[in-house]
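Student: Fold the following, please.
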Amino acid sequence: QVQLVESGGGLVQAGGSLRLSCAASGRTFSSYIMGWFRQAPGKEREFVATIRWSGGITYYANSVKGRFTISGDYTKNTVDLQMNSLKPEDTAVYYCAAGGHYFYNGRQENEYDYWGQGTQVTVSS
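Tutor: Numbers count the residues shown, from 1 in each chain. Predicted coordinates for the structure are as follows:
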């Protein structure tokens with residue numbers, strides 16, 4: 001079994017920064033993409049950012065483009081999300097995800113095989 005463990009969430013004021021990290025453990029697997037989704041209270045989970053290891057291509061939701069940066073290490077199955085200029089609307093539980101069987105555009109949940117438990121990010125105004 002593969003486990004994804006997130007860390008780095010917390011409370012920050014608007015305009016501040018946080019860095020989320022995710023590491024995979026357990027059974028060895030080769031991921032094709034690793035990324036982040038988030039779910040705000042009362043809303044559906046949504047795509048935030050992902051990195052496609054082949055070519056190191058990154059994808060971002062329009063709402064975070066220019067503020068968030070995803071990076072990672074394919075050999076270690078780790079991925080980070082640097083979040084700058086945070087806004088109250090960024091408040092959500094952030095989930096790490098990894099996929100290895102299928103790629104469409106990196107933005108669909110069904111492209112991912114493994115999910116973390118989530119880490120809370122709260123941005124105060």
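Student: counting contacts, what elements does the helix or strand hosting Leu4 pack onto?
Tutor: Secondary structure assignment for Leu4, by DSSP states H and E: strand 2-7. Here strand 2-7 touches strand 18-26, strand 92-99, strand 114-115, going by 3 or more C-beta pairs under 8 Å, 6 or more residues apart in numbering; DSSP states H and E. Quick note: C-beta positions are derived from backbone N, CA and C, even for glycine.
Student: Could you report the neighbour count for Gly15?
Tutor: 11 (other C-beta atoms under 10 Å).
Student: still on that earlier bit, just so I know, which of the helices and strands packed on strand 2-7 lies nearest Ile57?
Tutor: Closest to Ile57 of the helices and strands packed on strand 2-7, according to C-beta to C-beta: strand 92-99, at 13.9 Å.
Student: Tell me the gap between the closest one and the middle of its chain.
Tutor: 5 Å (C-alpha atoms, centre = their mean, to the nearest Å).
Student: In that strand, which residues are buried?
Tutor: Residues of strand 92-99 classed as buried: Ala92, Val93, Tyr94, Tyr95, Cys96, Ala97, Ala98, Gly99 (neighbour count, 16 or more other C-beta atoms under 10 Å).
Student: With that, I have no additional questions.
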